Structure formats: C-alpha cells, structure tokens
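J.: Here is a sequence with its predicted model. Questions after.
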Amino acid sequence: MILPYLTHILILIGIYTILIVSLNLALGYSGLLNLGHVALWGIGAYTSALLTIHGVPFIFSFIIAGIVTALFGLLLVFATRRLKGDYFALASLGFSFVVYSLLLNLTELTRGPLGVAGIPKPSLFGLIIKNSNYYLIFVAIISFASIFLINKIVKSGFGKLLEAMRDDEIGLRVLGKDTTKLKYKVMLVSGFFTGISGSLFAHYIGFIDPNTFYISELILLITIVIIGGIASIKGSIIATFIILSLSELIRFLPVPSSIVGPIRQITYVIVLLLILMFKPRGLFGRVDLE
Amino acid sequence: MSLILQFALNGLIAGSIYALVASGFSLIYNTNKFMHFAHGISVVVSGYILFSLFSLINLNFYLSLFSAPIYASFIGFLIFRVIYLPLQKRKASNIILLIASISTLILFQNLILLFFGANVKDIGYLEIKQGIDFYGATITPMQIIIILTSLVFFIFLYIFMNKTKLGRNMRAVSNNKELASVIGINERRISDLSFFIGSFLGGVAGVLIALEQNITPNVGVFLIIKGFTGAVIGGISSVPASVLGSYILGLVENFGIAALPSGYKDAISFILLFLFLLLKPEGLVSLRRKK
C-alpha cells in the first residue's frame, strides 16, 4: 500500500522539480516573474499528449513538446519585451488566461472542456513504460539530467551575465551587452524544460484538461518557488519536496474528499502569505523580488 | 436592427457590472499605487452575505441587500490592514503585493468553497419576470435596475471625488503623495477610505449579479479579471476612464459573440487585456500630464 504511494509522490516531485527549477531560472536569473509559466506547462503537456495520440512516437512528442513550449516562451517575452516589474507579471498572467481560453475553445484541436483522456504511457525503443516503478526511474533520469544542465548554465559565463542583467540591466547595456537577446535565450531554455516537464506530467497522469493549467496550479508554482527562494536551485528542489509531500499528506486528513482541494489551496496560500510577510527571501533565496 | 439593439443592451448590462468592479479597483489603485487583485473578494463576499442573510436566516430582504456591500467594504479594509499594510511597512515591491493579492483572492475563494460548497446559490427573491419589449429587444426589470443603479453610484462617486473635501484629499494623495502629506493630509486614513469605498462598489456589483443570475465561489475571480480588463482598456489611472473601458468591454464582448461562438466571450476579453497591456498599457484615455 505505502510503497506504490511513495512512488507516486516521488514521480510528481521529479516532474515538478523540473518545472519549478525552470521557472526559477527565468525569475531568479533574469528577474522575470513569469505568471505565464503554468500556461507554458500546459502547452507542453497538450503538445505531447495530442501528438502521441495521433501516432507520433513518444520520444519525438517529448522533444517536440520542449521545442514548441520554448517557442511559445520566446513569443511571450518577445511580445512583452518593453514591460517591466508588475506590468510584465500581469501581461504574463494575461497570457495564461488567453492560453486557458484557447484550450477551452479550440475544441477541434484540444477537445475543449472535456480534456484529453487516454494519453498513452510512454514507450521507448519499443518498451512501454507501464509500471510506475519504471516510470519513476525514467522521470528521475530526466530530472537529474535537466537539473544538471540548468545548473551548468547558471554557473557558466552566461549565467553570470544573467545575474548581472537582473541586478543592473542598464549597467550591463552600457557595457555593450544586448540584454533583450539574453532574455530571449533564458526563456528558450526555461520554456524547453517546462515543456518536457509538461510531457512527463501528461503521460503519467493520463488525463489533462484546461483547468489543470489555471490559476490554482499557478498559485502552487509561485508558492513553491518563493518558499525555495529566488535564484536558488537547491531551494527550489527542497521546496518542491516539502510542499508536494505536505499536499499529499492532506489527502489523509479525515475529511470528505470534496474539500481536500480547497484545504490544499488554503494551505498553499497561507504558507505563501506568511513567507511573503516574514521571510520574503524564502529558505535559500539570495535576492529580493523587485 | 432589433438584434443590434439586443447586443447593445446586453453589452450595457454586462458593462455596468464590470464598471462597478473597475471603478473600485481603479480608485484603490490610484490612491495606493498597487494592483488590488483581491478586489474580486468584495464581489463574491457581498453576494454570499446576501445569500446567507436573506436565504439562510430569512432576514428582511432590504436589510440584507443594503448590509451586504457594507460587510464587503469591511472585508476590503481588513485585507488592507492585515495583509498589505504589514507588507508595505517592510517596503515590499509591487510584485510582492501583487502575489499577496492574488493569493488572498484564492484564499477567500477556497474559504467560500469550504463553507458553502461549489454549487450555484440562488437568492430566489425575484420571480422570473418576462422581459419587457424595447424596440424589438428584450430587457428584464432587474437588468434595468442594474444599469440605473450603477449609473447612480457613478454619479455619487463623481460628486464625492470632485465636490467634497475628503474626495479632493483623496485625489491629492493619488496625484502626489509627498505634497499631500506636506499639506497635512493623513495618508493612512485616505488609504483606509479608498478600501472602504472601493470594496463597497465591488459589493454593489456582487448583490446585483447575485440577484440577476446567481452566485458561485468563482465569481470573484471571474469579475476581477473583467473589471481589471475594463480598467486597463480605459486607463487604470483614472476612475472615469476605467468605467468607460468597462462599458466598452461589455459591448465588445457581446458584439463579438455575434460573430464568434459564445464560448469565445471570455477569450475576447482575455485577448483584449493581453493586447492592451502590450500595446497600450496606459489605456485609451491617457491622463498622463504633459510636462
């Protein structure tokens, strides 16, 4: 009983870790609070699910999901390139709304409010990963690889440039660096990992609908990233662990299942509000949110 | 012809509700200079208080009706004092306030879900009346009340802001905080007041929508997005412009579904919001003073 459940939580933690670290990459290393991240995740999930259902092998769907999401991320920062601070945040929130309503309304493509059911389990080189234990191994490999790569990027000269841009954009421009281009690059990377995380999620859960990628999910992402701390990959990983385990523990409370959802949401936002008030840098944050 | 009139009427009705939400939102934004997204709470709390007082404990209808927005204004004031003010004292950035605000909105939505459940609540005071024929278009008495009530409140608000000392002080704070405090205006009191008045206006929208349709926990999130969109279209830094933008939004949505399937109604406003934020974030009526 316990073991399959543990496997389930670990798979989710693996998937969310990629998602949160990629959000933190855009937020912590370029200062963009991207409230459109949840929509990008949805784009990755839908792309991969729909392609596989139409017969594309999983491995291609998985990679295409990353590329398509990266392009949408690029589109988002390109469109919003002149906005800053809370206006960027709001425009990216607007992007989430737009994607949500398109997922609902482009019924021929996305199947609308009914969602996409029966998403096949991934198959790699002819082997179908049906068993959750194997899926865990697969997710673990992908998340370790993703975090390894993102960590490499952050520690590289490119990462230093990003931090410089976050701290003093004008100063960096005076030195002759094209900061707009830097933002495009970071969003491409962030978008790619978001997309593959979406693909992993869709093929694990097997069913997605527009509400999976809307405001309540967004609150979860923001909560985790802020608890972990801005610009801290370690913080993001630890916070994902804590919050997802907490979220799964709520399931065992002796309450009717219909109120588990609201109780979870209330827990997230109360934790988030307390962090904002008393420890705005989170567990391992190195910079303030400006 | 009558079809065009019908779309125009529907747009005006929706626009009236959006404009009530937008006027409060814009008033609070101008006085405090941050986005009070949790403003949607005033709408949903007011609707549920009307439901609780009238439909659950059978209080007198008019007493319930008039007290609901007052409760909403107290909730707005409490949110300012308990959540925003401590953050402002810590010199939190506008992004932090925005996140806190969205979180608070989600908090209340889920508290309502917890206490009242997800199902639709009907006030059940008005019998369903047949619409009145208006040059070939149909409008119900309640819809006429919505249009008139919001107009009356906008006139009150205009008189308050322009003809009373308190209103002028409020405008002084929104124009120039430092100068206002130099001439002895208590900024905190003006902020308190903006949350009271703004949330009251949201509360009025809440009772109107509860009476005309019904109320669900999502209506707060739904209407703050619409009110915010209306404010952005018109110009968030001016209350009259926000009101105007909301009517435009109502009309565009309703004329839009003449051409597109009705499911696209929300998509139209989301796309408008996104485009305005990108291309014209100061809104149609730009009041930025030339220097």
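T.: All right, it came through fine.
J.: For chain A, which helix or strand comes out least confident on mean pLDDT?
T.: In chain A, the helix or strand scored least confidently by mean pLDDT, DSSP states H and E is strand A:127-128, which has a mean of 74.
J.: what does that strand rub up against?
T.: With contact meaning C-beta atoms under 8 Å, 6 or more residues apart in numbering or on different chains, strand A:127-128 is reached by A:K121, A:P122. The way it works is simple: take the backbone N, C-alpha and C, and place the C-beta from them, glycine included.
J.: Can you tell me the element B:S26 falls in?
T.: Element membership for B:S26, per DSSP states H and E: helix B:2-32.
J.: Please see if that helix touches chain A.
T.: No. On the criterion C-beta under 8 Å from any C-beta of the partner chain, helix B:2-32 is out of touch with chain A, staying 10.9 Å away.
J.: and that helix, which residues are buried?
T.: Neighbour-count burial for helix B:2-32, counted by 16 or more other C-beta atoms under 10 Å in any protein chain shown, picks out B:6-7, B:9-32.
J.: elements contacting it?
T.: The helices and strands touching helix B:2-32, judged by 3 or more C-beta pairs under 8 Å, 6 or more residues apart in numbering or on different chains; DSSP states H and E, are helix B:40-50, strand B:137-139, helix B:141-163, helix B:165-175, helix B:187-212, helix B:219-234, helix B:239-259.
J.: got the ones you listed as CSV, with distance to A:Y5 and mean pLDDT columns?
T.: As requested, the helices and strands packed on helix B:2-32 are arranged in CSV below (distance: least, C-beta to C-beta, whole Å; pLDDT from 0 to 100):
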stretch, distance to A:Y5, mean pLDDT
helix B:40-50, 36, 94
strand B:137-139, 56, 84
helix B:141-163, 51, 92
helix B:165-175, 54, 87
helix B:187-212, 42, 93
helix B:219-234, 32, 92
helix B:239-259, 46, 91
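J.: quick one, which of those is packed in tightest?
T.: Among the helices and strands packed on helix B:2-32, the stretch with the highest mean neighbour count (mean count of other C-beta atoms under 10 Å in any protein chain shown) is helix B:40-50, at a mean of 30.
J.: Can you check what angle separates that helix from helix B:219-234?
T.: When axes from the mean of the first three to the mean of the last three C-alpha atoms, to 10 degrees is applied, the directions of helix B:40-50 and helix B:219-234 differ by 140 degrees.
J.: sorry, back to before: name the residues of the helix or strand just after the least confident helix or strand of chain A that come out as buried.
T.: Following the chain from strand A:127-128 toward its C-terminal end, the next helix or strand by DSSP H and E is helix A:132-155. With burial defined by 16+ other C-beta under 10 Å, the residues of helix A:132-155 counted as buried are A:S132, A:Y135, A:L136, A:F138, A:V139, A:I142, A:S143, A:S146, A:I147, A:I150, A:I153, A:V154.
J.: Same list (those) but as a markdown table, adding distance to B:S194 and pLDDT.
T.: What follows is those, written out as a markdown table (distance: C-beta to C-beta, whole Å; pLDDT from 0 to 100):
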| residue | distance to B:S194 | pLDDT |
| --- | --- | --- |
| A:S132 | 53 | 82 |
| A:Y135 | 53 | 87 |
| A:L136 | 52 | 90 |
| A:F138 | 54 | 89 |
| A:V139 | 49 | 91 |
| A:I142 | 50 | 92 |
| A:S143 | 47 | 94 |
| A:S146 | 46 | 93 |
| A:I147 | 46 | 92 |
| A:I150 | 43 | 89 |
| A:I153 | 45 | 86 |
| A:V154 | 42 | 81 |
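J.: Out of the residues you listed, which is nearest to A:F125?
T.: Nearest to A:F125 among the buried residues of helix A:132-155, counting by C-beta to C-beta, is A:F138 at 12.1 Å.
J.: which residue packs closest to that closest one, ignoring adjacent ones?
T.: Closest residue in space to A:F138, ignoring its immediate chain neighbours: A:I129 at 5.8 Å, by C-beta to C-beta, 6 or more residues apart in numbering or on different chains.
J.: To what extent is the one you found buried, counted in neighbours?
T.: Counted with other C-beta atoms under 10 Å in any protein chain shown, the neighbours of A:I129 add up to 19.
J.: Done for today, thanks.
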